[in-house]
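Peer 1: Sequence and computational prediction follow.
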Amino acid sequence: MATNNKVRVRFAPSPTGGLHLGGVRTVLFNYLFAKQHKGDFILRIEDTDQSRFVPGAEQYIVDCLTWCGLIPDESPSLGGDYAPYRQSERKPLYRQYAEQLVESGHAYYAFDTPEELDAMRAKFKSEHNASPQYDHQVRMQMRNSLSLPSHEIKRLLDEGIPHVIRIKMPVDEVVGLKDMIRGGVNFNTSQVDDKVLLKGDGMPTYHLAVVVDDYLMKITHAFRGEEWLPSAAVHVLLWKYLGWEDAMPQWAHLPLILKPDGNGKLSKRDGDRLGFPVFAMDWLDPKTNELTKGFKELGFLPSAFINLLAMLGWNDGTTRELFTLDELIHNFSIERVHKGGAKFDFEKAKWFNHEWIKNSTAKALFPEVKKLFEQENVAINNDAQLERVIELTKERCTLLTDFITQGKFFFVAPEEINGEPIKAKWNSDKANFFEEFSRLLKATDTIDAISAETIFKNLATEKNIKPGELQLPLRIMLVGDKYGPPVFDIAATLGKDETCIRILSALAQLP
RNA sequence: GGCCCGUUGGUCAAGGGGUUAAGACGCCUCUCUUUCACGGAGGAAUCACGAGUUCGAUUCUCGUACGGGCUACCA
């Protein structure tokens, strides 16, 4: 193990679609660990399967990381000492290592066609073997450089017959690894199949590429999802067979994020079904033109998104739940990451965002909120006014998009008012009250919440009406409905002129 | 089916031989406020099961059950 080297970690997604929140969490844990150790975080694109390649997916991943503030130190676009960072561009590199393994007897050529593979699986499939593997039990019955006579192998190779290179798993050996989260994990090699290392098209599979690139890029710690644990035996063996055992990274297999109901890992489908996002940002599938909603566009703050992801499977041992990225960097510890998967809870996710909005200053929230208003075609020509509105409304906004409903009426008078809640108790005395109230307001210089309330209450006393019975009507006149911040704050923010206009206009609509 | 990983309230979880088994989300009640929130005070709700070790197991060991992952020329 390369103990003296600088910490280097990588996130290695394949550009096949939207970035799942589990992926972002993997990035986050990698990033936190790297930054805590003053190390490097590398983005490597694993595009070895051209059949699954989706145009735009790589840029989308970069955009998501940027939004989250998890910026790589090396990446395809940034470059770095170990470029290229796209595996498709590294294609010529891999073959030699595969060949090296063939020469050392740890791998072999296999010429089986997809049909032959299917036939093998069909032949051996039984209730005792639900999913037959290409392994030490069957490989001598297949067409490969272990089973075929040497002149036949030479002929096939000379004729350029398509073939793959498979690892030759040893029989009945124990391969172990130390996982930073789980401790020791052992596998019996007889149980593991002869995984394809180099594909027919000359591209490496994940198994070969991850080992070769982690070695070449001097990766010291490899964190990935738990779904990789079963194939870790292959990777450990590869490190050994390639003669790089001393440079093997330390492993940590992260628990999965599970669907909130039922069982299984969280998928995009679950989000669609249950009505919450699973991707970090909006993802437009270029093939189907289908748009999948993201946390960003739904109104999440990146800081909240990062925070809630960090708490999914990790905590610092105290009751603290709110952390900034910097605080996470200081407090994070891979050893405290849970072993068990966590069901995703969208309600809790929203709570995090609500907390972050409440704790943010109006100034900090301003740019995003202004953008939102502009998208809604609500012109903001008074920035200071918007900032006041944000300050006034932020505690009742769970999502950034809530600022629209909570704040729009400050800039655009309600088109019609909902008189329903006050209809029953409405009468001419109250109408008179509001007429007079607007007259009094007009006569004052300026109003603030206190003075407006004083005028309002004094007049109510004078007219012998309970102020409480007048507050809801006033709210509805100003807002159009029964929501929003304290009503005199609204009046003060609107200013006396606009307040009077709205009162009079509402009066005209009430019976 | 096989292999691997896991299991504390509905959810996220702290704890790790002796505790009234924290805290948070959500839910409910009350309070504040005659909007909705925020804030405050309460409440219901948990150690999967069975053995073993022990004076004593939620905690350690082993089984069982349950859940999950993997089992592709996908990652």
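Peer 2: Sure, I can see it.
Peer 1: worst-scoring helix or strand of chain A, pLDDT-wise?
Peer 2: The least trusted helix or strand in chain A, going by mean pLDDT, DSSP states H and E, turns out to be helix A:420-423, with a mean of 87.
Peer 1: which strands and helices sit next to that helix?
Peer 2: For helix A:420-423, the packing partners by 3 or more Cβ pairs under 8 Å, 6 or more residues apart in numbering; DSSP states H and E come out as helix A:467-479. To be clear about C-beta, it is placed using only N, CA and C from the backbone, and glycine gets the same treatment.
Peer 1: Would you indicate which residues of the helix it packs on are buried?
Peer 2: A:470-471, A:473-479 (16 or more other Cβ atoms under 10 Å).
Peer 1: List the buried residues in the least confident helix or strand of chain A.
Peer 2: For helix A:420-423, by 16+ other Cβ under 10 Å, it's residue A:422.
Peer 1: Residue ranges in chain A under the pLDDT threshold?
Peer 2: A:1-4 (pLDDT under 70).
Peer 1: Show me what residue of it gets nearest to RNA strand B.
Peer 2: Using Cβ to the nearest atom of the strand, the closest approach of chain A to RNA strand B is made by residue A:468 at 1.8 Å.
Peer 1: All the helices of the stretch 351-500 of chain A, residue numbers only.
Peer 2: A:362-375, A:383-393, A:402-407, A:420-423, A:428-443, A:449-463, A:467-479, A:487-494, A:496-509 (DSSP state H, counting those that start in this stretch).
Peer 1: Contacts only, for residue A:250.
Peer 2: A:1, A:178, A:180, A:220-222 (Cβ atoms under 8 Å, 6 or more residues apart in numbering).
Peer 1: Show me what it bridges to in the sheet.
Peer 2: Beta-bridge partners of residue A:250, counted by DSSP bridges, are residue A:221.
Peer 1: pretty sure residue A:321 contacts residue A:314?
Peer 2: No: applying Cβ atoms under 8 Å, one finds residue A:321 not in contact with residue A:314, separated by 11.1 Å.
Peer 1: Counting neighbours, which bits of stretch A:197-217 end up buried?
Peer 2: A:197-199, A:203-215, A:217.
Peer 1: RNA strand B next: which of the residues you listed are close?
Peer 2: The subset of those within reach of RNA strand B, by Cβ under 7 Å from any atom of the strand, is A:199, A:203, A:205-206.
Peer 1: Filter the residues you listed down to just the ones in helices.
Peer 2: Within these, residues falling in helices by DSSP state H are residue A:206.
Peer 1: returning to that earlier point: now render the contacts of residue A:250 as TSV, adding distance to RNA strand B and neighbour count.
Peer 2: Putting these into TSV (distance: Cβ to the nearest atom of the strand, whole Å; neighbours: other Cβ atoms under 10 Å) gives the following:
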residue	distance to RNA strand B	neighbour count
A:1	21	13
A:178	11	12
A:180	12	17
A:220	20	23
A:221	18	21
A:222	13	22
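Peer 1: Pick out whichever of the ones next to RNA strand B among the buried residues of stretch A:197-217 sits closest to residue A:431.
Peer 2: residue A:206 (74.3 Å; Cβ to Cβ).
Peer 1: so that closest one makes contact with residue A:47?
Peer 2: No: counting by Cβ under 8 Å, residue A:47 is not a contact partner of residue A:206; they are 11.1 Å apart.
Peer 1: how near is the closest residue to residue A:417 other than its chain neighbours to residue A:305?
Peer 2: Nearest non-adjacent residue to residue A:417, counting by Cβ to Cβ, 6 or more residues apart in numbering: residue A:480, 4.8 Å away. Here residue A:480 is placed at a distance of 32 Å from residue A:305 (Cβ to Cβ, to the nearest Å).
Peer 1: out of these two, which sits in the busier spot?
Peer 2: residue A:305 (26 against 21; other Cβ atoms under 10 Å).
Peer 1: host element of the more buried one?
Peer 2: helix A:302-310 (DSSP states H and E).
Peer 1: Now for the closest residue to residue A:504 other than its chain neighbours: which residues touch it?
Peer 2: Using Cβ to Cβ, 6+ apart and skipping residues adjacent in sequence, the residue nearest residue A:504 is residue A:438, 6.0 Å away. Going by Cβ under 8 Å, 6+ apart, residue A:438 touches A:499-500, A:503-504.
Peer 1: ok, which stretches of the stretch 101-250 of chain A are strands?
Peer 2: In the stretch 101-250 of chain A, the segments counted as strands under DSSP state E, counting those that start in this stretch are A:107-110, A:164-167, A:174-179, A:183-188, A:196-198, A:221-225, A:250-254.
Peer 1: winner for burial among the helices of the stretch 351-500 of chain A?
Peer 2: helix A:487-494 (a mean of 22; mean count of other Cβ atoms under 10 Å).
Peer 1: Work out the gap between that helix and the centre of the chain.
Peer 2: Relative to its chain's centre, helix A:487-494 lies at 39 Å (Cα atoms, centre = their mean, to the nearest Å).
Peer 1: tell me the contacts of the residue lying closest to residue A:287 once chain neighbours are set aside?
Peer 2: With Cβ to Cβ, 6+ apart as the criterion, residue A:287 has its nearest non-adjacent residue at 7.2 Å, and that residue is residue A:54. Contact analysis of residue A:54 by Cβ under 8 Å, 6+ apart lists A:15-17, A:285-287.
Peer 1: near RNA strand B, which residues of the stretch 201-350 of chain A show up?
Peer 2: A:201, A:203, A:205-206, A:226-231, A:256, A:258, A:260, A:262-265, A:311-313, A:315, A:317, A:319, A:321, A:336, A:338-343, A:345, A:347-348.
Peer 1: what's the closest non-adjacent residue to residue A:227?
Peer 2: Per Cβ to Cβ, 6+ apart, closest to residue A:227 is residue A:256, 7.0 Å.
Peer 1: list the contacts for the one you found?
Peer 2: Counting by Cβ under 8 Å, 6+ apart, the residues that residue A:256 touches are A:22, A:225-227, A:265-266, A:341.
Peer 1: which ones are touching the nearest residue to residue A:485 once chain neighbours are set aside?
Peer 2: Closest residue to residue A:485 apart from its sequence neighbours, by Cβ to Cβ, 6+ apart: residue A:392 at 4.6 Å. Counting by Cβ under 8 Å, 6+ apart, residue A:392 makes contact with A:485, A:489-490, A:493.
Peer 1: wait, which of these is closest to residue A:397?
Peer 2: For these, the nearest to residue A:397 is residue A:485 (10.9 Å; Cβ to Cβ).
Peer 1: I figured the closest one hits residue A:394, correct?
Peer 2: No: contact between residue A:485 and residue A:394 fails when scored by Cβ under 8 Å: they sit 9.7 Å apart.
Peer 1: From the chain's centroid, how far away is the least confident helix or strand of chain A?
Peer 2: Distance, centroid of helix A:420-423 to centroid of chain: 44 Å (Cα atoms, centre = their mean).
Peer 1: which SS state does the residue nearest to residue A:287 fall under?
Peer 2: Assigned with DSSP: H, G, I helix; E, B strand; the rest coil, residue A:54 falls in the coil class.
Peer 1: likewise residue A:22?
Peer 2: Strictly by three-state DSSP, residue A:22 counts as helix.
Peer 1: helix or strand for the nearest residue to residue A:55 once chain neighbours are set aside, which one?
Peer 2: Of all residues not flanking residue A:55 in the chain, residue A:286 sits nearest, at 5.7 Å (Cβ to Cβ, 6+ apart). Assigned by DSSP H and E, residue A:286 falls within no helix or strand.
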